[in-house]
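S.K.: Next comes the sequence, and after it the predicted model I'd like to discuss.
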Amino acid sequence: MKSRLALFPLQSVVFPGEVLPLHIFEPRYKELIDDCESTGIKFGIPTYIENNLEYGTEMELIETVRRYESGARDIICKGARVFRVLEFAHNEAGKMYAGGDVEFLPDKDDASQTLKEQLLNLIFELYVHLEVPRPKIDIPNFRSYTLAHKIGLPLQQEYTLLKLTSEKERQEFLINHLTITIPILQEMNRAKQVIELNGHFRNYDPLDFQEFRLRTKN
């Protein structure tokens, strides 16, 4: 089923549930936020990637935090549903901002508790290797989108994640990413330790040779 949505393209991925602060200063987007405030409309942020606008996230204006004399403002908005752009218009009728016909994607909540625990354990392990504090997580309500911006996904992979319509598929996608990333990070940390120890006295593990036997040639 088609829906009409005002569009605010950005070169970034916004996930459902994400709270996004924005500084609005362009006349077309000031007009968009005026309409959000006066009529309660929502807008979409389609991701501009590889010269294309195909998928994005519906956004709801939560709060206008600050207004400037210039008409610019600081706002807080929140991601809702993922959509696919069916038709794009550079200007909505009588408006400066863009719009288009969109189709909202289904969202299947089919991940198991076991899969969620596996993903969380990998995320916690990642933060240990990064030597940064572990984020506070509402575990019962945790979803794949919750920390998707904070586990080292490049933009293209964030975009791929956004297009997946199954929570199980999304969690498996993140598990695969972390399974590849963590060993690389471990090796980088090991290399860092070797570099830092270069030229310094080191303690070596005294190996136990009691069970050692020299191989005899046939």
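M.R.: Structure's in. What do you need?

S.K.: Could you spell out which stretches of the chain belong to which domain?
M.R.: Per automatic domain parsing, the domain ranges recorded for the chain read 2-104, 113-197.

S.K.: can you give me how far the longest one is from the chain middle?
M.R.: Right, the one you point to is domain 2-104. How far domain 2-104 lies from its chain's middle: 18 Å, per Cα atoms, centre = their mean, to the nearest Å.

S.K.: Just confirm Leu161 is within a helix.
M.R.: Yes. Counting by DSSP: H, G, I helix; E, B strand; the rest coil, Leu161 falls inside a helix.

S.K.: What is the three-state secondary structure of Trp36?
M.R.: Check again: residue 36 is Cys, not Trp. Applying three-state DSSP: Cys36 is helix.

S.K.: want to throw the domains of the chain into CSV with mean neighbour count and mean pLDDT?
M.R.: Heads up, the C-betas are built off the backbone N, CA and C, glycines and all. As requested, these are exported to CSV (neighbours: other Cβ atoms under 10 Å; pLDDT from 0 to 100):
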stretch, mean neighbour count, mean pLDDT
domain 2-104, 16, 96
domain 113-197, 14, 90
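
S.K.: What are the boundaries of the strands in the chain?
M.R.: 2-7, 19-24, 43-49, 52-67, 73-89, 98-104 (DSSP state E).

S.K.: packing partners for the fourth one?
M.R.: With contacts defined as 3 or more Cβ pairs under 8 Å, 6 or more residues apart in numbering; DSSP states H and E, strand 52-67 has these neighbours: strand 2-7, strand 19-24, helix 27-39, strand 43-49, strand 73-89, strand 98-104, helix 155-163.
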